[in-house]
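How does the following fold in three dimensions:
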Amino acid sequence: MSLSDNIMSDMKQAMKEHNKIKLNTVRMIKSALMNEKIKLGHELNSDEELTVLNRERKQREESIEEFVKASRDDLAEETKKELAVVESYMPKQLSKDELEKIVKETVAEVGAKGKSDFGKVMKSLMPKVKGRADGKEASAIVRDQLN
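Below you'll find the predicted structure:
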């Protein structure tokens, strides 16, 4: 089942259940995917869909941070629920141990010796973990490995 099929069935389900948060979030995802399709001028492949989902996830994570800083716990809770819906469409996230293993393999593969090879390692690593690991966490582990 494709992502767009999944989204349509989930939208119908949310309507039947009168689940406003899920319905609104699924609609936002659908809209973001449609906008990206129009922008690129072709049907989205799975990598492009994943990029859109990552963007939606990141927006919500940043919103949660801002709401917490502003002491708006009500909005933070609602956005956390939206984030859970967005993450339900994404592939399973790598654990820290799995990510460290992939980083070690990539460092060996690239032949990185020190901090100056950080860019080479990241360039090779990110396509391997795209959508399954946070870029900040990956770069921190790469820095640790290269020190």
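
In three-state terms, label the residue nearest the centre of the chain for me.
The centroid of the chain falls nearest to Asn54 when counting by Cα atoms, centre = their mean (3.0 Å). Three-state call for Asn54 (DSSP: H, G, I helix; E, B strand; the rest coil): helix.

The closest residue to it other than its chain neighbours and Lys113: what is the separation?
Spatial nearest neighbour of Asn54, chain neighbours left out: Gly131 (5.9 Å); criterion: Cβ to Cβ, 6 or more residues apart in numbering. Just so you know, the C-beta spots here come from the backbone N, C-alpha and C atoms, and that holds for glycine as well. Between Gly131 and Lys113 the distance is 29 Å, computed by Cβ to Cβ, to the nearest Å.

More neighbours: which of these two?
Here Gly131 and Lys113 are compared on neighbour count by other Cβ atoms under 10 Å; more neighbours surround Gly131, at 17 against 9.

Not including adjacent chain positions, what is the nearest residue to Lys92?
Per Cβ to Cβ, 6+ apart, closest to Lys92 is Arg132, 7.0 Å.

Correct me if wrong: the one you found contacts Ile102.
No. Between Arg132 and Ile102 there is no contact under Cβ atoms under 8 Å: 9.3 Å.

Which neighbours do those two have in common?
Common neighbours of Arg132 and Ile102, using Cβ atoms under 8 Å, 6 or more residues apart in numbering, are Leu94.

C-terminal to the helix or strand where Asp47 lies, what's the next element?
Using DSSP states H and E, Asp47 sits in helix 46-69. Downstream of helix 46-69, the next assigned helix or strand under DSSP H and E is helix 73-88.

hmm, who's touching that next one?
Residues contacting helix 73-88 (Cβ under 8 Å, 6+ apart): 21-22, 24-26, 28-29, 53, 56-57, 60-61, 63-64, 67-68.

And for stretch 120-139?
Under Cβ under 8 Å, 6+ apart, the answer for stretch 120-139 is 47, 50-51, 53-54, 90-94, 96, 99, 102-103, 106-107, 109-110, 112, 118, 142, 145-146.

Mind checking which of those are in strands?
Using DSSP state E, no member of those falls within strands.

Pull out the buried residues from these.
50, 53-54, 94, 99, 102-103, 106-107, 112, 142, 145-146 (16 or more other Cβ atoms under 10 Å).

Thank you kindly, that will do.
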